[in-house]
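Need coordinates for the following:
(one chain, ligands or ions: 1)
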Amino acid sequence: MTKLSRILALVTLSAAMFAAPVRAEDVKAGDLVISQAWSRATPGGAKVAGGYLTIENKGTAADRLVSVSADIAGKAEVHEMATDNGVMKMRPLDKGLVIDPGKTVKLAPGGNHLMLQELKGPFKQGDKIPVTLQFEKAGKVAVSLDVQGVGAQAPGDGGQMMKKMHDHSGMKM
Ligand SMILES: [Cu+2]
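Below you'll find the predicted structure:
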C-alpha cells in the first residue's frame, strides 16, 4: 500500500463513519426540513399518543401544517395548548400551524403537538410510527415518529428527565 492509498482508505473509512444512520432522519420537502420526529410509548392500553417534531422553513414564504394522518390512528389532529379559565387545555388548531419563512417551529410536550387518537395498537419504545403531514405548499410529507420511553421529554431521552427529576427531589440541599 502506498502512502496515498493508505490516506485514501482512511478518508473513505471516516466518511463511512459520518454516514452512519442517525436516530431521527431529516426529511426535506420543498423549503421545509422536518427533523426529530418522535413520540412516546403508550402505557397500558392508552388509545391516544402525542407526536412531536421540528419544522424549519428555509424558504421566503410562509407555509402551514394543515393536517396529519396515520394508518395506526383512527383520528389525528394538530393541537395547541391554550389557557381556558386558568386551566391549560389542548384543542385542535382549526386553521393549521403557520411556519413563517426563516423560522423553526417545534412541536413538543406542553406545547403544540400532533394528537393521534383511536389507536389501533400500542406504541412500544423503539417503534417507528409512519405519519403523513399535509402542508399547504409543501404538500404531503411522510415522516416516522421514533417512539421513546413513556416519560420521555425529548427525542433520545428515554425517560431520563423523569428519573433525574426524581433524583433531585430526594436530594437534601
Ligand atoms: Cu392533544
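
From now on I want contacts and neighbour counts done on CA atoms only, so please keep to that.
Will do.

what separates the residue most central in space within the chain from T83, distance-wise?
Nearest residue to the geometric centre of the chain (Cα atoms, centre = their mean): A37, 2.1 Å. Distance check for A37 against T83: by Cα to Cα, to the nearest Å, it reads 26 Å.

same thing with Q36?
On the measure of Cα to Cα, Q36 and T83 end up 27 Å apart.

Then L133?
Using Cα to Cα, we find L133 at a distance of 26 Å from T83.

So the two - more neighbours on which side?
L133 (19 against 9; other Cα atoms under 10 Å).

wouldn't the more buried one be in contact with S144 here?
No - look at L133 against S144 with Cα atoms under 8 Å: they stay out of range, at 10.2 Å.

Let me see the contact set for D31.
57-59, 138 (Cα atoms under 8 Å, 6 or more residues apart in numbering).

Switch those over to a markdown table; also include neighbour count, pLDDT and distance to G51.
Converted to a markdown table, the contacts of D31 look like this (neighbours: other Cα atoms under 10 Å; pLDDT from 0 to 100; distance: Cα to Cα, whole Å):
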| residue | neighbour count | pLDDT | distance to G51 |
| --- | --- | --- | --- |
| N57 | 21 | 98 | 19 |
| K58 | 17 | 97 | 22 |
| G59 | 14 | 97 | 24 |
| A138 | 16 | 97 | 19 |
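
how about the residues you listed, which pair is most distant?
Comparing every pair within the contacts of D31 by Cα to Cα identifies K58 and A138 as the most remote, at 11.9 Å.

Packing partners of the longest strand along the chain?
Ordering each strand of the chain by length in residues (DSSP state E) puts strand 73-84 first. In terms of contacts (3 or more Cα pairs under 8 Å, 6 or more residues apart in numbering; DSSP states H and E), strand 73-84 is packed against strand 63-69, strand 87-92, strand 113-119.

and those strands, which one is worst for confidence?
Ranked on mean pLDDT, the bottom entry among the helices and strands packed on strand 73-84 is strand 87-92, at a mean of 93.

Quick one: list the elements packing against that one.
Short answer (3+ Cα pairs under 8 Å, 6+ apart): strand 87-92 packs on strand 73-84.

looking only at pLDDT, what's the mean for the strand it packs on?
Here strand 73-84 scores 95 as its mean pLDDT.

can you give me the strands for this structure?
Assigned by DSSP E, the strands in the chain fall at 27-29, 32-40, 49-57, 63-69, 73-84, 87-92, 97-99, 104-107, 113-119, 128-135, 139-148.

hmm, back to that, and the longest strand of the chain, what's buried?
73, 76-81 (16 or more other Cα atoms under 10 Å).

Which of these sits closest to L97?
Distances from L97 to those, taken by Cα to Cα, are shortest for V78, at 7.7 Å.
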